[in-house]
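Visitor: here is a sequence together with a model predicted from it:
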Amino acid sequence: MKLAIKTCTLDMPYEQMLDFCAEQGIRALEIGTGNWSSAPHIDLDTMLTSAPARQRWLDAMRRRGLELCALNCSGNPLAYERDLDVTRKTFRLAELLGVTKIVMMSGLPAGRKGEQTPVWITTSWPPETRDILDYQWNEAAIPAWQELARLARECGIRRIALENHAMQLVYNPETLLRLRGAVGGELIGMNLDPSHLFWMGGDPIEAARVLGEHRALYHLHGKDARLERRYVGPNGVLDTKGIGDFAHRSWNYVAVGAGHGVQWWTEFFSVCRMSGYDEEVSLEMEDLTLPMLEGHLASLRTLKEALVL
């Protein structure tokens, strides 16, 4: 497997970020293009319109022995036109850059036609939840994703890796496979991010096995989470406090290794290889208890040991 990094959380100018990655033995980059990323290392519109800008951007990466493994445009293209616009632009930029893998999220529609606010249904009761889900899947998401899939194929994209994130229509292997079956083909797979399954009560290792059985494991995020016993015990995992209030939450994103140690990550990567995935493991660091650089370095130490680098 290749050690990669989703660069959005590296608070550095582009070329300084590239130097850091080269020094740390990172081999591939996942670049955020907008939506929920501030896109600190790329200007999407400039890159779309300027061939010289694209060449300079790629040359700086290649001089350091780095490769571009994916573009990430995570947002909600099923609810917001602005997010859909960034998604379409990202697909077109991928074609210009020769990138064949997009990492993103499925999006989440509103609960009924004509409404604005996305609604995440996580129970089967009261009865109206069934009507909402029927609308979200059959009237909103599936037609929209059929169109997105058409555009992706036109742009030469071979794989779209959907992250199993909360507040998304696709948030686990089961929902991923439902959308994949409706859209058709093998364009859509999963960006398996263990951190989200940890707090939802799932098992990322078993998720990797299921995805492998369906040849649907397309990308990995190296990201950890920890259940905070003091609060998850009495309150459960559902927690609406902001991530900055980490001292009082039921769970937190933490540096890789601060929730699950090297042994767990070594087993996880082994099972992913057994399941047919031997590509990039992309660090995503969102531990707010650590300074930015320390959090990345701590996470990289764990990932390198687990990957036997």
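Guide: Arrived safely. This one's a predicted model, so the numbers in the text were calculated from it and none came from an experiment.

Visitor: where exactly do the helices run in the stretch 51-200 of the chain?
Guide: 51-63, 81-97, 128-134, 142-154, 173-183, 194-200 (DSSP state H, counting those that start in this stretch).

Visitor: next structured bit after the last one?
Guide: What that stands for is helix 194-200. helix 204-213 (DSSP states H and E).

Visitor: quick one: that next one to chain centroid distance?
Guide: 16 Å (CA atoms, centre = their mean, to the nearest Å).

Visitor: let me know which of the helices of the stretch 51-200 of the chain is tucked in deepest.
Guide: Most buried of these, by mean neighbour count (mean count of other CB atoms under 10 Å): helix 194-200, with a mean of 22. Using the backbone N, CA and C atoms, a C-beta is placed for each residue, glycine as well.

Visitor: strands of the stretch 151-300 of the chain, start to end?
Guide: In the stretch 151-300 of the chain, the strands defined using DSSP state E, counting those that start in this stretch lie at 159-163, 188-192, 217-222, 224-227, 251-254, 280-283.

Visitor: which one, of those, ends up nearest to residue 58?
Guide: Proximity to residue 58 (CB to CB) singles out strand 280-283 among those, at 17.5 Å.

Visitor: so how far is residue 68 from the closest residue to residue 282 other than its chain neighbours?
Guide: Spatial nearest neighbour of residue 282, chain neighbours left out: residue 4 (4.1 Å); criterion: CB to CB, 6 or more residues apart in numbering. Residue 4 sits 10 Å away from residue 68, going by CB to CB, to the nearest Å.

Visitor: now do residue 76
Guide: 24 Å.

Visitor: hmm, back to that, how about the strands of the stretch 151-300 of the chain, which one is nearest residue 14?
Guide: Nearest of these (CB to CB): strand 280-283, 17.6 Å.

Visitor: can you pull out the residues in contact with the closest one?
Guide: With contacts defined as CB atoms under 8 Å, 6 or more residues apart in numbering, strand 280-283 is touched by 1-6, 28, 30, 69-70, 103, 219-223, 256, 269, 296, 299-300, 303, 307.

Visitor: coming back round to it: in a markdown table, list the helices of the stretch 51-200 of the chain along with distance to residue 209.
Guide: Below are the helices of the stretch 51-200 of the chain laid out as a markdown table (distance: least, CB to CB, whole Å):
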| stretch | distance to residue 209 |
| --- | --- |
| helix 51-63 | 34 |
| helix 81-97 | 29 |
| helix 128-134 | 26 |
| helix 142-154 | 25 |
| helix 173-183 | 9 |
| helix 194-200 | 13 |
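
Visitor: and those as a markdown table, adding mean pLDDT?
Guide: Shown next, in a markdown table, are those (pLDDT from 0 to 100):
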| stretch | mean pLDDT |
| --- | --- |
| helix 51-63 | 98 |
| helix 81-97 | 98 |
| helix 128-134 | 97 |
| helix 142-154 | 98 |
| helix 173-183 | 98 |
| helix 194-200 | 98 |
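
Visitor: which one of those helices lies closest to residue 261?
Guide: The closest of the helices of the stretch 51-200 of the chain to residue 261 is helix 194-200. By CB to CB, the value is 12.9 Å.

Visitor: can you read off the pLDDT for residue 309?
Guide: Per-residue pLDDT puts residue 309 at 71.

Visitor: phi and psi next, for the closest residue to it other than its chain neighbours.
Guide: Closest residue to residue 309 apart from its sequence neighbours, by CB to CB, 6+ apart: residue 3 at 6.0 Å. Main-chain dihedrals, residue 3, degrees, to the nearest 10: phi -80, psi 120.

Visitor: contacting residues around residue 3?
Guide: Applying CB under 8 Å, 6+ apart, the residues contacting residue 3 are 25-28, 280-281, 283, 300, 303-304, 307, 309.

Visitor: how does it look with 10 Å?
Guide: Taking CB atoms under 10 Å, 6 or more residues apart in numbering, we find residue 3 in contact with 21, 24-28, 222, 280-283, 300, 303-304, 307, 309.

Visitor: now, which of these sits nearest residue 37?
Guide: Checking the contacts of residue 3 against residue 37 by CB to CB gives residue 282 as the nearest, at 13.0 Å.

Visitor: any idea how far that closest one lies from residue 120?
Guide: According to CB to CB, residue 282 stands 25 Å off from residue 120.

Visitor: higher neighbour count, the two?
Guide: Neighbours per residue (other CB atoms under 10 Å) separate residue 282 from residue 120, with residue 282 holding more: 28 against 13.

Visitor: hmm, back to that, I'd guessed the residue nearest to residue 282 sits against residue 309; true?
Guide: No: at 11.8 Å, residue 4 does not count as touching residue 309 under the criterion of CB atoms under 10 Å.

Visitor: who has more neighbours out of the two?
Guide: Taking neighbours as other CB under 10 Å, residue 4 and residue 309 compare with residue 4 leading, 28 against 14.
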